[in-house]
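Student: Generate a structure from the sequence data that follows.
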Amino acid sequence: MKNNSYIQIFAAHRGAGRKVILAALLAATTGSMMSQSLKFDSAEFTVYQKTAFSIQVPDYLVEVTDMSEQADLQMKNVFNETYLLIVAEPKATAVSLPALQHKFETNLAAHQGLVMARKDLRIDGRRAFQLDVVWQVQGNDLAYLVTFVDAPDVIYKIYFWTLGTQRNLLQDFRKSVSTFAINQFQARR
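Tutor: Modelled structure (predicted):
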């Protein structure tokens with residue numbers, strides 16, 4: 001993954017979502033890997049089971065494939081400008097978790113992003129860090145929740161973002177990230 005790829009991923013989402021609303025409607029009606037719904041405070045959450053991980057995601061997001069070739073899971077809701085990307089970066093190309101955090105914050109600052117809060121945490125028993133970020137892209141204020149999880153062979157990069165006026169959705173994003181789990185066979189590799 002290129003050094004600034006997460007910056008490119010953030011910047012690239014704006015054009016793709018608005019051009020074809022029909023694509024979002026089609027994505028909403030196609031099969032996904034949904035298996036059950038759970039109730040949190042403000043949204044229903046659906047479990048998405050992938051080969052290497054699972055995560056509970058707000059039901060207002062639909063799985064898509066048009067946001068990033070590098071993503072293991074891509075979801076969006078173009079009607080309320082809400083997005084999710086999960087990217088697994090092999091440790092052979094990734095730096096340590098603290099170095100990755102420093103690198104991310106440095107690149108973000110160079111692109112006029114602002115870290116509002118930092119948090120070291122454990123997700124699925126693994127070291128992780130989480131950043132609450134505000135950033136202006138193409139003149140629009142955006143709110144991001146960025147979480148990096150240290151797994152055995154990869155570092156999972158979990159990016160949620162929406163419009164700055166919808167910062168209240170960050171609570172849904174935090175709940176979703178807290179459910180992230182690495183599948184057992186993946187953890188033993």
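Student: roughly how far apart are the closest residue to A151 other than its chain neighbours and L73?
Tutor: The spatial neighbour of A151 that comes closest, neighbours along the chain excluded (CB to CB, 6 or more residues apart in numbering), is I182 at 5.4 Å. All C-beta atoms are positioned from the backbone trio N, CA, C, and that covers glycine. The spacing between I182 and L73, counted by CB to CB, to the nearest Å, is 13 Å.
Student: Then F45?
Tutor: Distance, F45 to L73, by CB to CB: 14 Å.
Student: Please apply the same query to N140.
Tutor: Distance of N140 to L73, given as CB to CB: 24 Å.
Student: Mind jotting down where the helices sit in this structure?
Tutor: Shown for the chain, the helices assigned by DSSP state H span residues 5-19, 21-29, 97-110, 170-178, 184-187.
Student: Spit out the contact partners of D120.
Tutor: Contacts for D120 (CB atoms under 8 Å, 6 or more residues apart in numbering) come out as R127, A128, F129.
Student: got the residues you listed as JSON lines, with pLDDT columns?
Tutor: What follows is the contacts of D120, written out as JSON lines (pLDDT from 0 to 100):
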{"residue": "R127", "pLDDT": "95"}
{"residue": "A128", "pLDDT": "96"}
{"residue": "F129", "pLDDT": "94"}
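Student: Closest one of those to R118?
Tutor: Nearest to R118, judged by CB to CB, of the contacts of D120 is F129 at 6.8 Å.
Student: For the closest one, name its beta-bridge partners.
Tutor: Beta-bridge pairing of F129 under DSSP bridges involves D120, F148.
Student: Show me the shaky parts of the chain.
Tutor: By pLDDT under 70, the low-scoring segments of the chain are 1-42, 93-94, 184-189.
Student: quick one: which of N140 and L73 has more around it?
Tutor: L73 (21 against 12; other CB atoms under 10 Å).
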